[in-house]
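> Could you look at this predicted model? Sequence included:
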Amino acid sequence: MPGFHRGRGRSIAAWLEDPYCAVDGEIAAVYGRLVDELRGAGARIDEGVRPVPLAEGHDVAQRLIQGAMSRWLPDEAFQSLLDRAAAAPADDNTPPVRWARHITQRAREHQFAAEHRLRLKAAWANFFRDHDVLLCPVTPTPAIPHDQNPDIDARTVTVNGATRPYGDQWAWLQAVGVVHLPVAVAPVGLTSAGLPVGIQIVAPHLEDRTRSTLPLASPTSSEGSRRRPVSESAGRPRMNRWRPSVVRTNGRRGPSRTNRSCRHAATPRCPDLPP
């Protein structure tokens, strides 16, 4: 792979799949080719190691993110969520119930989640003693049609032919972002439909430059990053108004947005807000 000589001899962990948030087969195929190219360039790839359970990281992220959003809600909306959380069975872990529990949690519970984050940070720090960077998915699917349904809980995504909750798109991002690690997203290939596929390059805490020394883009992925989607209504190329790429630096993260008027901006239940 062009330029990857700087990665020769490095220990690269590749966490490319997880049963908690399985990725689409199209993305998995691109990642498989990437790993083969990296190994061919002399990189040491460890595909069996996991810094923390993905479900655990995602849960802590949601508890912290959603718990910090309660002040945005009108009193009536907050009370309705209190009622929903109280009425739900203890084993109900559906997204609407989790949202109700997280946003109405006590301050003490929110502090427990913050303490849990510190334990996750320690686990990640221990992980990076043996690995220079981690490669992991950005989202479980390539770009999807924008779902404008005002009922966020009714939105879904399709992964390998199966319907999944809309919020599954953020599991990989939030599980990493919650521990404030520097991350860059690099284009690494295209799906059979020509949609670009990216991968997260996660570096140790405060080692922002480490991720930038691994240029993963190949000629194919660079072409994919330049593709402009065709507007079905106008029939001419048009830049996406929403850019899914995420860049995190100096221990903070946030989605890169070109459309500041995104409908999520006025919605208290924005699923991609950073912790």
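Sure, I can see it.
> helices or strands next to the longest helix along the chain in the packing?
In the chain, ranked by residue count with DSSP state H as the criterion, the top helix is helix 107-127. Applying 3 or more C-beta pairs under 8 Å, 6 or more residues apart in numbering; DSSP states H and E, we find helix 107-127 packed against helix 54-67. C-beta coordinates here come from the backbone N, C-alpha and C atoms, glycine included.
> Run a quick neighbour tally on the closest residue to residue 113 other than its chain neighbours.
Closest residue to residue 113 apart from its sequence neighbours, by C-beta to C-beta, 6 or more residues apart in numbering: residue 63 at 4.0 Å. When neighbours are defined as other C-beta atoms under 10 Å, residue 63 has 24 of them.
> Residue 49 and residue 129 touch, don't they?
No. In this structure, residue 49 is not within contact of residue 129 by C-beta atoms under 8 Å, at 11.6 Å.
> who's more crowded, the two?
It is residue 49, of residue 49 and residue 129, that has more neighbours when counted by other C-beta under 10 Å, with 13 against 7.
> Please identify the nearest residue in space to that one, excluding sequence neighbours.
Using C-beta to C-beta, 6+ apart and skipping residues adjacent in sequence, the residue nearest residue 49 is residue 13, 5.2 Å away.
> Over to residue 181?
Using C-beta to C-beta, 6+ apart, the closest residue to residue 181 is residue 202 (5.4 Å).
> Looks like that neighbour contacts residue 138 (just checking).
No. Residue 202 lies out of contact with residue 138 (C-beta under 8 Å); the separation is 11.1 Å.
> So the two - more neighbours on which side?
Using other C-beta under 10 Å as the criterion, residue 202 and residue 138 rank with residue 202 on top: 26 against 23.
> where's the more buried one relative to residue 89, distance?
Note on residue 202: its distance to residue 89, by C-beta to C-beta, to the nearest Å, is 36 Å.
> which stretches of this protein have low pLDDT?
In the predicted model, the chain carries pLDDT under 70 at residues 1-10, 210-275.
> does the one residue sitting closest to the centre of it count as helix, strand or coil?
Here the mean C-alpha position of the chain is nearest to the C-alpha of residue 173 (C-alpha atoms, centre = their mean), at a distance of 2.0 Å. The three-state label for residue 173, taken from DSSP: H, G, I helix; E, B strand; the rest coil, comes out as helix.
> quick one on the thing from earlier: how much space is there between the residue nearest to residue 181 and residue 86?
38 Å.
> now residue 129
44 Å.
> One more: residue 64?
22 Å.
> same question, residue 22
Using C-beta to C-beta, residue 22 is found at 33 Å from residue 86.
> re the thing from before, what number of residues lie near the residue nearest to residue 49?
Using other C-beta under 10 Å, residue 13 is surrounded by 23 other residues.
> Need the three-state assignment for it.
strand.
> Run through the residues that contact it.
With contacts taken as C-beta atoms under 8 Å, 6 or more residues apart in numbering, residue 13 has the following neighbours: 45-47, 49, 51, 127, 131, 133-135.
> residue ranges of the strands in the protein, please?
11-14, 44-46, 133-137, 156-159, 162-165, 183-190, 196-202, 246-249, 252-255 (DSSP state E).
> just to revisit the earlier point, surely the residue nearest to the centre of the chain meets residue 136?
No. Under the criterion of C-beta under 8 Å, residue 173 is not in contact with residue 136, lying 9.6 Å apart.
> so what sits against both of the two?
Counting by C-beta under 8 Å, 6+ apart, the contacts common to residue 173 and residue 136 are residue 200.
> quick one: contacts for the residue nearest to residue 181?
Neighbours of residue 202 in contact, by C-beta under 8 Å, 6+ apart: 133-136, 176, 181-183, 211.
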